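Q: Sequence plus predicted model, see below.
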Amino acid sequence: MAKPVVLTVDDDPEVLRAIERDLRRKYASDYRVLRAESGPAAMEIVRELKVRNNAVALFLVDQRMPGLSGVEFLEQAITLYPDAKRVLLTAYADTDAAIAAINEAGIHHYLLKPWHPPEENLYPVLDELLEDWQAAFPPPFEGIRVLGNRWSPASHNIKDFLARNHVPYHWLDIETEATDSEVRSLINLLEEEETKTLPLVIFPNGLRLRQPTLAELAERAGLKTRAAEAFYDLAIVGGGPAGLAAAVYGASEGLRTVLIEREAPGGQAGMSSRIENYLGFPSGLSGGDLARRAVVQARRFGVEILSAEATALRLDGPYRYLRLADGAELSCHALLVATGVQWRKLEAPGVERLTGRGIYYGAAMSEAMSARDEDVYVVGGANSAGQAAMYFSHYARRVIMLVRGASLAASMSQYLINQLKATANIQIEFNSSIVEAHGEDHLEAISVHCSVTNEVNKVPANSLFIMIGAAPNTDWLANIVERDERGFILSGPALMRDGKRPKGWQLERDPGLLETNVPGVFVVGDVRHGSVKRVASGVGEGSIAISFVHQYLSRVV
């Protein structure tokens with residue numbers, strides 16, 4: 001935790017140096033001692049401390065200062081730090097004014113100059129005041145703060161990125177200015193331009209980023225965005241369960257391994273609020289917990305994890321070169337593609353325009369608090385949709401699942417079906433699909449079609465979460481790696497046609513079980529053609545793929 005601040009203010013440089021010296025000698029181990037040579041300069045410091053969300057424990061201020069007296073400064077400062085202790089330094093002739101200020105400005109104590117020796121005339125008074133302050137002190141949040149608008153897609157993207165990367169942050173909704181004193185205070189301290197170009201990301205060191213890209217945010221938040229080396233034995237693109245499992249097994253078996261993930265480790269599984277059928281966790285665990293544990297494990301074995309996006313692949317003999325979105329390039333002997341899938345877009349009028357403004361793809365757990373005591377709609381009938389409905393039921397007044405089919409039996413695990421039925425505020429509407437989304441700057445209503453009655457009903461809605469189908473993100477591999485008509489990557493037996501190896505295959509063996517048409521390029525997880533869309537399956541594929549990687553490397557290295 002950052003040390004609370006003790007701020008001393010005096011326009012006499014010699015006196016200021018002396019009081020700062022005495023304060024540091026006694027309190028530097030527990031407090032950050034700052035000084036200012038005038039009231040206006042001190043107010044600048046106070047405003048910046050407030051923007052950074054730093055705590056101020058004590059103001060020790062001279063009374064006789066030109067421009068802004070000690071009492072006048074304190075009257076302004078306590079509007080930002082009402083709980084800070086306030087001590088006035090006065091000359092003998094100012095004692096009457098100091099006593100009057102105890103009532104007028106809430107001064108806690110006044111001290112006469114000179115205060116020497118401090119062991120008798122300074123420290124006992126300050127010790128008592130600081131002990132009182134510490135006893136009632138609620139530690140402020142010290143991480144990143146995000147000031148934005150609930151209905152802003154950019155604000156949502158930042159919140160979702162930070163949450164999924166396990167970076168602590170505090171969300172401040174500018175729309176709550178009238179009712180939230182913290183938001184109101186922060187807005188008053190910021191420049192007008194900063195409040196007009198939201199979202200604004202404020203870091204503990206005072207750095208402020210206006211409408212940052214996710215790449216800028218990743219770098220400033222301490223995520224690794226650039227590779228430490230130019231070459232690796234194994235490069236893994238995609239940080240879902242399959243990619244993380246491959247990284248753990250690869251690095252633990254001595255391969256120099258880099259994992260490249262454009263959003264956050266965990267993939268779609270990382271957005272699951274609860275996975276209850278994963279072996280070894282009888283009470284279940286969240287996708288975020290699974291991802292966090294896997295990341296810690298991977299790093300322990302030396303895996304380098306990059307927050308970056310792979311945009312192209314080129315081949316040069318035994319080397320595979322990956323180009324990243326920032327233009328950087330790294331090479332490897334073996335490449336493993338584990339990019340998973342994205343949610344399929346819902347094609348209906350208004351949906352694309354309102355995405356990020358009340359309509360979200362995936363569970364988007366960062367939006368749960370905003371939907372408190374509202375009706376939440378979830379579109380989809382598979383496990384991910386069921387897990388999301390269970391999660392949102394803890395916050396929403398009611399969760400309505402819109403399922404295109406007539407039942408959940410074919411698409412959802414039975415344990416989850418039972419949980420949904422047992423949750424009072426979850427309602428399941430079968431044979432239902434959305435045909436239009438309505439709203440100006442955010443979602444206000446949806447039109448739902450019932451395939452049985454052929455009726456369309458328009459209902460109020462502010463939060464809609466879509467989890468339908470799956471689409472692979474493999475266009476960056478086009479013309480190099482063979483894919484099926486939907487973009488899923490072919491591997492192993494799926495590449496063999498009439499007993500013949502894929503075109504261009506020059507090795508005296510068939511492609512391995514998880515190997516693509518390019519020797520040394522492997523594929524695992526949901527992005528693979530014919531894969532089983534389960535977390536455990538992805539982990540299994542990522543694990544066993546490393547044995548194929550070793551077999552390949554034994555022939556090229």
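A: Thanks, I have it. Bear in mind that the values here come from a model prediction, so they are computed numbers and not experimental data.

Q: contacts and neighbour counts: CA atoms only from here.
A: Will do.

Q: For burial, what's the neighbour tally of residue 334?
A: 25 (other C-alpha atoms under 10 Å).

Q: Determine the longest helix present in the chain.
A: helix 535-556 (DSSP state H).

Q: Which strands or helices does that one pack on?
A: For helix 535-556, the elements it packs on are helix 241-252, strand 329-337, judged by 3 or more C-alpha pairs under 8 Å, 6 or more residues apart in numbering; DSSP states H and E.

Q: is it true that residue 67 touches residue 41?
A: No. Applying C-alpha atoms under 8 Å as the test, residue 67 and residue 41 come out as separate, 10.8 Å apart.

Q: Distance-wise, check the residue most central in space within the chain relative to residue 358.
A: Per C-alpha atoms, centre = their mean, the C-alpha nearest to the average position across the chain is that of residue 162, at 1.1 Å. Separation of residue 162 from residue 358 (C-alpha to C-alpha, to the nearest Å): 19 Å.

Q: swap in residue 195?
A: Residue 195 is 22 Å from residue 358, by C-alpha to C-alpha.

Q: the more surrounded of those two?
A: Shown here are residue 195 and residue 358; by other C-alpha under 10 Å, residue 358 has more neighbours (25 against 17).

Q: Mind listing residues that contact stretch 526-543?
A: With contact meaning C-alpha atoms under 8 Å, 6 or more residues apart in numbering, stretch 526-543 is reached by 241-247, 249, 269, 278-279, 338-341, 472-473, 483-484, 488-491, 494, 524-525.

Q: Just the buried ones among those, please.
A: 241-247, 249, 269, 338-341, 472, 483, 488-491, 494, 524-525 (16 or more other C-alpha atoms under 10 Å).

Q: which regions of the stretch 101-250 of the chain sit below the pLDDT cut-off?
A: By pLDDT under 70, the low-scoring segments of the stretch 101-250 of the chain are 101-105.

Q: can you pull out the helices in it?
A: Using DSSP state H, counting those that start in this stretch, the helices of the stretch 101-250 of the chain run over 118-121, 123-136, 153-164, 181-189, 192-196, 214-220, 241-252.

Q: before we move on, the earlier item: quick one: the longest helix of the chain to helix 241-252, angle?
A: 40 degrees (axes from the mean of the first three to the mean of the last three C-alpha atoms, to 10 degrees).

Q: Would you mind listing the buried residues in helix 535-556?
A: Neighbour-count burial for helix 535-556 [16+ other C-alpha under 10 Å]: 535-546, 548-550, 552-553.

Q: For stretch 291-305, list every residue counted as buried.
A: 291-292, 294-295, 297-298, 301-305.

Q: send the alpha carbons of that stretch over as PDB?
A: Taking Å, rounded to 0.1, in the frame of the first residue of the first chain, the C-alpha atoms of stretch 291-305 are listed here in PDB:
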ATOM      1  CA  ALA A 291      -6.900 -19.400 -16.300                       C
ATOM      2  CA  ARG A 292      -5.200 -17.700 -13.400                       C
ATOM      3  CA  ARG A 293      -3.900 -21.000 -12.000                       C
ATOM      4  CA  ALA A 294      -2.700 -22.100 -15.400                       C
ATOM      5  CA  VAL A 295      -0.900 -18.800 -16.000                       C
ATOM      6  CA  VAL A 296       0.900 -19.100 -12.700                       C
ATOM      7  CA  GLN A 297       1.900 -22.600 -13.500                       C
ATOM      8  CA  ALA A 298       3.100 -21.700 -17.000                       C
ATOM      9  CA  ARG A 299       5.200 -18.800 -15.800                       C
ATOM     10  CA  ARG A 300       6.700 -21.000 -13.100                       C
ATOM     11  CA  PHE A 301       8.100 -23.200 -15.900                       C
ATOM     12  CA  GLY A 302       9.400 -20.200 -17.800                       C
ATOM     13  CA  VAL A 303       6.700 -19.600 -20.400                       C
ATOM     14  CA  GLU A 304       6.900 -16.100 -21.800                       C
ATOM     15  CA  ILE A 305       3.300 -14.800 -22.200                       C
END
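
Q: Tell me how confident the model is about it, as a mean pLDDT.
A: When pLDDT is averaged over stretch 291-305, the result is 95.

Q: And for stretch 77-86?
A: On average, stretch 77-86 scores 93.

Q: Between the two ends of it, what distance do you get?
A: 10 Å.

Q: can you give me the offset of it from its chain's centre?
A: 32 Å (C-alpha atoms, centre = their mean, to the nearest Å).

Q: How about stretch 444-451?
A: For stretch 444-451, the distance to the chain centre is 32 Å (C-alpha atoms, centre = their mean).

Q: now swap in stretch 189-196 and tell me
A: Per C-alpha atoms, centre = their mean, the centroid offset for stretch 189-196 relative to its chain is 23 Å.

Q: Can you tell me which of the helices of the stretch 101-250 of the chain is most buried?
A: helix 241-252 (a mean of 28; mean count of other C-alpha atoms under 10 Å).

Q: how far is the helix or strand that that one is followed by from where the chain is centred?
A: Following helix 241-252 in sequence order, the next helix or strand is strand 257-261 (DSSP states H and E). Taking C-alpha atoms, centre = their mean, the mean C-alpha location of strand 257-261 is offset from the chain mean by 19 Å.

Q: Tell me the buried residues in strand 257-261?
A: Those would be 257-261, for strand 257-261 by 16+ other C-alpha under 10 Å.

Q: from those residues, which is closest to residue 322?
A: Using C-alpha to C-alpha, residue 260 comes nearest to residue 322 of these, at 10.1 Å.

Q: Specify the angle between the one helix or strand residue 45 maps to and helix 181-189 in degrees.
A: Take DSSP H and E as the rule and residue 45 turns out to sit in helix 39-52. Orientation of helix 39-52 against helix 181-189 (the same axes, to 10 degrees) gives an angle of 130 degrees.

Q: So which elements touch helix 39-52?
A: By 3+ C-alpha pairs under 8 Å, 6+ apart, helix 39-52 packs against helix 70-77, helix 181-189.

Q: packing partners for the shortest one?
A: Secondary-structure packing of helix 70-77 (3+ C-alpha pairs under 8 Å, 6+ apart): helix 39-52, strand 56-62, strand 85-90.

Q: between the ones you listed, which gets the lowest average pLDDT?
A: strand 85-90 - the lowest mean pLDDT of those, at a mean of 92.

Q: Name the strands paired with that one and say parallel or antiparallel.
A: Strands that pair with strand 85-90, judged by DSSP bridges, come out as strand 56-62 (parallel), strand 109-112 (parallel).

Q: Report the buried residues of stretch 344-351.
A: Here stretch 344-351 shows 346, 350-351 as buried, counting by 16+ other C-alpha under 10 Å.

Q: Quick check: end-to-end length of it?
A: Start-to-end, stretch 344-351 (C-alpha to C-alpha) is 12 Å.

Q: Can you pull out the residues in contact with that stretch?
A: For stretch 344-351, using C-alpha under 8 Å, 6+ apart, the contacting residues are 359, 434-439, 466-471.

Q: which ones among those are found in strands?
A: Taking DSSP state E, the ones among the contacts of stretch 344-351 that sit in strands are 359, 434-438, 466, 471.

Q: list the contacts for residue 420?
A: 386, 389-390, 426.

Q: would you list every one of the helices in the stretch 251-400 of the chain?
A: Using DSSP H, counting those that start in this stretch, helices in the stretch 251-400 of the chain cover 287-300, 351-354, 383-392.

Q: Including distance to residue 230, could those helices go into CSV?
A: Conversion of the helices of the stretch 251-400 of the chain to CSV gives the following (distance: least, C-alpha to C-alpha, whole Å):
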stretch, distance to residue 230
helix 287-300, 19
helix 351-354, 39
helix 383-392, 38
